[in-house]
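A.B. asks: Would you be able to build a 3D model of this:
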Amino acid sequence: MAKLTVSLAGVSYDRTRAIFDGSVRIDGCEVIAHPMTPEEAFTRALSHQEFDITELSMSNYMTLTARGENPYIGVPAFVSRMFRHSGIYIRSDKGIARPEDLKGKVMGVPEYPMTAALWIRGILQDEYGVAASDLQWRVGGQEVPISKPRISIELPPSISVERISGDSTLNGMLDSGNLDAIMSARAPSCLETNDNVVRLFPNYRADEEAYFAKTGMFPIMHLIAIRRSLVEQHPWLPVHVYRAYLEARSICYQRLGEVGHLYTMLPWPVDEFDRARELMGDDYWRYGVNNNGKEIEAMTRYAFEQGLTDRKLSPKELFAPSTLDMTGH
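C.D. replies: Take a look at the predicted model:
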């Protein structure tokens, strides 16, 4: 039987590289891989549905799913995860010394729905009592102006969001003091040039380790999704895609533990790998719905509480039915 030709987009991470280089194959498929930044993959997939299989932002994915407008269906391969305490940057001259001081402040964010911001807002609310409605939000490009968001959203009146002027940037406004803070997946360039711009959590690794010890959650950023119309034609596809991503991740785990030669340009990667497993368990980069119940519950709750969805979504709405009970191994 002829193989199904599929296009695949996303980042060639260490945990996905075996799919991009062809050493791991999706059973029954001929893969045409397109490595690219996550932002490019999201935009091309959501605006034009260019790819059959793609990496997607969990937040955008949930928002579109709740509207019934999502052209993709997810599989629980969470290829991007990251703790986000490091992602809040403040003006030290604005009376902000602790998270609770953010109430009433003007906060910039590249996109209100972005997954990094979803998690940061959730952490601020759950751990420090600061709700999304407690801040005034300014949205726009961080280093260069951006004219329009990736997806449009309608937020409840309790959440105040304004788009910054067309030639302004969040970095410039934070640098000049026109913003009190920003939250972002990337550090603003003024962090290196302005002594009044600092991280809210300067010792963020310790705070993130304490957060994991308390909650058991390793925040999910991105998932893998498949064109919904293709799954309708080929119901076997989600299971085969998920298995391929499991295999690619297993290869990554093996390479991280390699002591004979190093696969990364870090001097002590094996020590870091050992430390991560000691703190978070051997399978710390978990795949599978059941293995990520806390994170999925938190994200669906945050999306509802922060005005991105009209209800709290269930896992059955987010993932292909054939993958719901598959293990993470």
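
A.B. asks: Now do the strands in the stretch 151-300 of the chain.
C.D. replies: Per DSSP state E, counting those that start in this stretch, the stretch 151-300 of the chain carries strands over the ranges 160-163, 181-183, 197-199, 220-227.

A.B. asks: Which one, of these, ends up nearest to Tyr287?
C.D. replies: strand 220-227 (9.5 Å; Cβ to Cβ). C-beta: built from backbone N, CA, C; applies to glycine.

A.B. asks: Let's see that closest one as PDB, backbone CA atoms only.
C.D. replies: Provided in PDB are the C-alpha atoms of strand 220-227 (Å, rounded to 0.1, in the frame of the first residue of the first chain):
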ATOM      1  CA  ILE A 220       3.300  22.800  28.900                       C
ATOM      2  CA  MET A 221       3.800  25.300  26.100                       C
ATOM      3  CA  HIS A 222       3.200  23.500  22.800                       C
ATOM      4  CA  LEU A 223       1.600  20.300  21.500                       C
ATOM      5  CA  ILE A 224       1.600  18.400  18.200                       C
ATOM      6  CA  ALA A 225      -1.600  18.600  16.200                       C
ATOM      7  CA  ILE A 226      -2.800  17.000  13.000                       C
ATOM      8  CA  ARG A 227      -5.100  18.500  10.300                       C
END
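
A.B. asks: hang on, the earlier thing: turn the strands of the stretch 151-300 of the chain into TSV, columns for distance to Ser23.
C.D. replies: Shown next, in TSV, are these (distance: least, Cβ to Cβ, whole Å):
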stretch	distance to Ser23
strand 160-163	44
strand 181-183	37
strand 197-199	39
strand 220-227	18
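
A.B. asks: Of those, give the one that comes closest to Ser250.
C.D. replies: Comparison of the strands of the stretch 151-300 of the chain against Ser250 by Cβ to Cβ identifies strand 220-227 as nearest, at 15.6 Å.

A.B. asks: Can you name every helix or strand that the closest one contacts?
C.D. replies: Counting contacts by 3 or more Cβ pairs under 8 Å, 6 or more residues apart in numbering; DSSP states H and E, strand 220-227 is packed against strand 53-57, helix 58-67, strand 72-81, helix 115-128, helix 237-256, helix 293-305.

A.B. asks: next one: the helix or strand that the last one is followed by to chain centre, how far?
C.D. replies: When you say that, I think you mean helix 293-305. Remark: after helix 293-305, the chain's next helix or strand is helix 315-318, criterion DSSP states H and E. Mean-position distance between helix 315-318 and its chain equals 18 Å (Cα atoms, centre = their mean, to the nearest Å).

A.B. asks: what's the average pLDDT for helix 315-318?
C.D. replies: Averaging pLDDT along helix 315-318 yields 97.

A.B. asks: i'd like the first residue to be 645 from this point on
C.D. replies: Yes, from this point I'll number from 645; that puts the last item at helix 959-962.

A.B. asks: which secondary structure elements does that helix contact?
C.D. replies: In terms of contacts (3+ Cβ pairs under 8 Å, 6+ apart), helix 959-962 is packed against helix 702-711, helix 937-949.

A.B. asks: Export those as TSV, with columns for mean neighbour count and mean pLDDT.
C.D. replies: Converted to TSV, those look like this (neighbours: other Cβ atoms under 10 Å; pLDDT from 0 to 100):
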stretch	mean neighbour count	mean pLDDT
helix 702-711	23	98
helix 937-949	19	98
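
A.B. asks: Of all residues in this protein, which one is nearest the centre?
C.D. replies: Taking Cα atoms, centre = their mean as the criterion, Met865 is the residue nearest the geometric centre of the chain, at 1.9 Å.

A.B. asks: quick one: pLDDT of it?
C.D. replies: Reported pLDDT at Met865 in the predicted model: 99.

A.B. asks: In contact with it, which residues?
C.D. replies: 701-702, 722, 724-726, 759-760, 763 (Cβ atoms under 8 Å, 6 or more residues apart in numbering).

A.B. asks: just those now: which is nearest Ser812?
C.D. replies: Of all the contacts of Met865, Ser812 sits closest to Ala760, with 20.9 Å by Cβ to Cβ.

A.B. asks: Let me see the domain layout of this protein.
C.D. replies: 648-726+863-967, 729-859 (automatic domain parsing).

A.B. asks: which one of the ones you listed lies closest to His973?
C.D. replies: His973 lies closest to domain 648-726+863-967 among the domains of the chain, at 6.9 Å (Cβ to Cβ).

A.B. asks: Quick one: distance of the closest one to the chain centre.
C.D. replies: 10 Å.

A.B. asks: Same question for stretch 729-740.
C.D. replies: The chain centre lies 22 Å from the centre of stretch 729-740; the measure is Cα atoms, centre = their mean.

A.B. asks: Give the buried residues for it.
C.D. replies: The neighbour-count check on stretch 729-740 (16 or more other Cβ atoms under 10 Å) flags 729-735, 738, 740 as buried.
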